[in-house]
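In: model this:
(3 chains)
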Amino acid sequence: MTLTAEDHQAAAAAIRATRARRARRSAIIKHFFLASCTLIMIYPLIWLFMSSLKPDNQIFGDLSLWPSAFQWNNYPEGWNGLYISFGTFFKNSAFVTILAVIGNVVSCSFAAYAFARLEFKGRTILFALMMMTLMIPYHVVLIPQYLLFLQAGWVNTYLPLIVPKFLAADAFFVFLMIQFFRQLPRDLDEAAMIDGCSPFKIYWAIIIPLSLPALATAAIFTFIYTWEDFLGPLIYLTDIHDYTVPLALRSFLAQDSVSQYGQMFAISVLSILPIILFFVFFQKFIIRGIAMSGLK
Amino acid sequence: MTMNRRKFLATTAATTGAAALSSVGTVALAQDRQIRHFWWGNPERDRRTFGVIDVFNGKHDDIEVIGETLGFGDYFQKLTTQVAGGNMPDVIQQGYGIIFEYIERGAILPLDEFVGNTLDVSNMDQSALDAGTFNGQLYAISIGANSHMALYNTEMYAAAGISAGDGFDPFGWTYDDVKRIGVEVAAANEGKYGTDDNTGNYQNFSDYIAQNGVEMFNADGEYQVTAELVIAWWELWKDIREAGATPAGKASAGLVANPPMAEWGVVSGNTATSYVWSNQLVGAQALVEAKLGAAMFPNTPAMVPGSVVQPSQFVCLTRDTVDAEAATTYMSAFVNDPDMTDILGLERGIPANSVARAALQSKLSESEAASVAFFDGIRGKTAQLPPPAPSGANEIEQTFQRAATGVLLDQDSIAESAANFVRQAAFIRRRAG
Amino acid sequence: MLKFLRKNGPGYLFLVPWFIGFIALALGPILVSLYLAFTKYDIFSPPEWIGLENFEFMFLYDDRFLNSLQVTFTFVFLSVPGKLVFALIVAMVLDKGIRGIGFYRALFYLPSILGGSIAVAILWRQLFDYDGIVNAVLAKVGIQGPYWLNDPDYALYTLIILAMWQFGSPMLIFLAGLRSISPELYEAAEMDGTSKFKQFYAITIPLLAPVIFFNLVLQMIDAFKTFSSAFVISGGSGAPVDSLNFITLYLYNEAFTFFRMGYASALAWVLLVIIAIFTGIAFYSSRYWVYYENERD
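Out: Model prediction:
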């Protein structure tokens, strides 16, 4: 028995129809699932925003989400609430964070490429050493590291916050990229190698374009972690003009004097806006590798 | 195997490869007579202190003070890191509870050689100077006085027909009064309670120790508190709790270990009375709509004084100072120069300089005036300041809080917990000594 | 020699930045902390060599250490699987074409953005307050909720829930991983009439294995090192009654509150060895379930 072209078309149409029905049904289920999760997920932001509009004496002891009086003043007052305007702190944070993103993506993808795609002696032991840097609790290396940067004359500069990013110091990102690089078909490198491509050319022209989702993920995480990092700036920055946003934010609360909770919440809201913007922009790159599907 | 501090720093630097880095480093240009002042603060205190630094720098062409500030929760971690690095700021802020740890280990320098030269203490209260004196040497200049204070919600008290002078003496009430008033206030305020539960409040417990004529540590640094005293304290509050004056034990268990101000009973509105420090009055009042009243901590009928007046904050000179004369000149101006004390006001507590105090009298805000009135009220009713607590005192306090939480949760019997706690306290002192 | 360089050279070259960072920034401090583990070091004065004393005390006398191990292990074993399963489910739902996907992704990441900030601490303490929203919801279905944060029997669970709620980072990584699976594989399976479930464990799981493995190892390491959420929610002390006294929180207080940096370093190295053992087990097991496309033959 041979199938005619019509049979093929009919079968394909049937499959398409079933798929469309299934897709509609599953879309409804998905939206319902997402919508209910959304509620749980978005609650903190609503809470944060509402709290940022409350007068200080209503934030505690009153469980209602709705402010008794809308205190929009918390925003301008918080912005100028500290000795230095938050404009400076946002500028400082942006400076450190952008450099960190660039440094991290470049240096970690270098190291990851070596570990994932190149052969060399001592790979296993070097990889194990790299993983070890992830396992040690930060607080016990904090003082030796401080002594190191102090001797180098880097304390009270941004260098301790930025230079490590250019040296792939965060093994998390190296490991992340290794896992993605290892997934790429090896035939690609081999074909390119035979064509006489250098390892750098392979890295630049094949690995990087095919790994955009992984790189975008790394960029997003670096942005968030650096933007929110508090311990590094706490230890290494001493001049209030150099403070980053999270460090300055903590000045609003006092144990032995007046705390400005409303202003703290207002600036907290503002401080997550850059993260959301960066996220929304870069998550577009977490797409199906276009080149991938064409290669098979 | 031991080595000196410098050698340790050098060895560490070598191990960590600092030499390789320093060639790329940017070395800050050291200017003559530049000193750093580091304090824990809040927006208001920071503005005032930076203002004071500007005034000082304007008056002294040859000295430049640089201000550094962090929140209280972060201050000590950074300071500790700087201790390790040998680059503490010249002038630091310290609290009474922890300063001895720093003095004992040589991190803070004595000031005696500067007194009368760069440092003027002639207008300082003798009691404040005594509080900064350890082993016969002056180490610390008080920049604000502090004492234990019970904060009560005047509206909730009024609902039960209680106000200062009417059924309640804020400067001489007893634990029986706490129970009686607590029950009445609870009855008058639906769903609320009269007082926080102090089973785990170590500050109140330390008052109770003194009220019973016991010194917390003897001259050898041994912890003198007996299991019997601990049992009596916990039984006392169990009685108040069971009378219905406090929330259930489980509800209070979360408030034992230095809760955030926002969760104090009097701030959350859950209870009408919380037991805190006098310099917290202004901050707490800002979070509460009802007017707060100030009272002493309660006492036993014998009225042996238990609370003390102690500096809430000191300024000290560190061993890492680059210019002790410039630093002490600044410290002196900080407590004496009227242009500066005027800006500082009462923000750090009541000044120990009598001249500065008098000058501020006319410029007080409402809650500041309440603080001043409180200090007038407790005059003559406070105890002698005990010698500073030895190392480990802080850890004993935390151990007490853990044991008390177990008692509040009804997990452990009072007698057993008390015996355990006393045993652990003795061990902590042995380990620290 | 030339042959050695030709074979290994490119690898070393690409590793240069990392290697400089490792030698200059990471290795030294790690070695110093190892040395400190055998000393008494109060930070103010130089460390004093005391041999194995710290470890002796830890294992023979220190009940708080044993308790902190128990807290940490409970947290790791409950929070990591929960978080990963949740993250994978959400990532799979988000992976399929759906309108407004960028919006949902950002939304689902929100809780993680708030991280271990003070704002989260205040929020969490309000949510799980005895009169808070969580108990109000439980009351609706007839359950009298406990004193979550005051009762040592429950406090840890609020942190586990917090960890699971902040599933954004593994979710995003899963999503990136799902995006690198060729859609044609699913189309072919669909043509063959393969069930969705079979597609899941015959295509998705094997192809996602490297990413699952990554998330498992990293989340586990992170969970063992949990610090900031425990710190802010317990006010730094690990209260109530040490039920939130994670080993990192314990060593932090030993180092910076009680000035026992030597003992803290010893605690840190014990934790490191524990993490290394579990990571080693994970790597060993990965031979049997993680396959990489390029290494399959």
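In: Tell me, how many residues neighbour the residue in the stretch 101-250 of chain C that chain A sits nearest to?
Out: Nearest to chain A, among the residues of the stretch 101-250 of chain C, is residue C:176, at 4.0 Å (C-beta to the nearest C-beta). The way it works is simple: take the backbone N, C-alpha and C, and place the C-beta from them, glycine included. Per other C-beta atoms under 10 Å in any protein chain shown, the neighbour tally for residue C:176 reads 28.
In: now residue C:60
Out: Residue C:60, neighbours per other C-beta under 10 Å, totals 7.
In: do the same with residue B:201
Out: Using other C-beta under 10 Å, residue B:201 has 25 neighbouring residues.
In: OK, contacts around it?
Out: B:256, B:275 (C-beta atoms under 8 Å, 6 or more residues apart in numbering or on different chains).
In: could you check the distance from it over to chain C?
Out: Distance, residue B:201 to chain C, by C-beta to the nearest C-beta, to the nearest Å: 14 Å.
In: Would you mind measuring from that residue to chain A?
Out: 16 Å.
In: tell me the pLDDT at that residue?
Out: Per-residue confidence at residue B:201 stands at 95 (pLDDT).
In: Ramachandran angles for it?
Out: phi -80, psi 100 (degrees, to the nearest 10).
In: thinking residue B:244 is in contact with residue B:183, fair?
Out: Yes - here residue B:244 lies in contact with residue B:183, judged by C-beta atoms under 8 Å, at a distance of 5.7 Å.
In: Nearest to the spatial middle of the chain, which residue is it?
Out: I'll assume chain A. Against the mean C-alpha coordinate of chain A, by C-alpha atoms, centre = their mean, the closest residue is residue A:221 at 1.7 Å.
In: To clarify, I was referring to chain C.
Out: Taking C-alpha atoms, centre = their mean, the centroid of chain C lies closest to residue C:222, which sits 2.3 Å from it.
In: wait, is that residue part of a strand?
Out: No - applying DSSP: H, G, I helix; E, B strand; the rest coil, one finds residue C:222 to be helix, outside a strand.
In: Of all the residues in the host helix or strand of residue C:89, which ones are buried?
Out: Using DSSP states H and E, residue C:89 maps to helix C:63-95. If you call a residue buried by 16 or more other C-beta atoms under 10 Å in any protein chain shown, then helix C:63-95 has these buried ones: C:64-65, C:67-69, C:71-72, C:75-76, C:78-80, C:83-84, C:86-88, C:90-95.
In: Whichever residue of chain C sits closest to chain B: how many residues sit nearby?
Out: Nearest residue of chain C to chain B (C-beta to the nearest C-beta) works out as residue C:28 at 2.9 Å. Close neighbours of residue C:28, defined as other C-beta under 10 Å, add up to 23.
In: Same question for residue C:4.
Out: 10.
In: how near is the closest residue to chain C within the stretch 51-200 of chain A to chain B?
Out: Nearest residue of the stretch 51-200 of chain A to chain C (C-beta to the nearest C-beta) works out as residue A:167 at 2.7 Å. Plainly put, residue A:167 is 11 Å away from chain B if you go by C-beta to the nearest C-beta.
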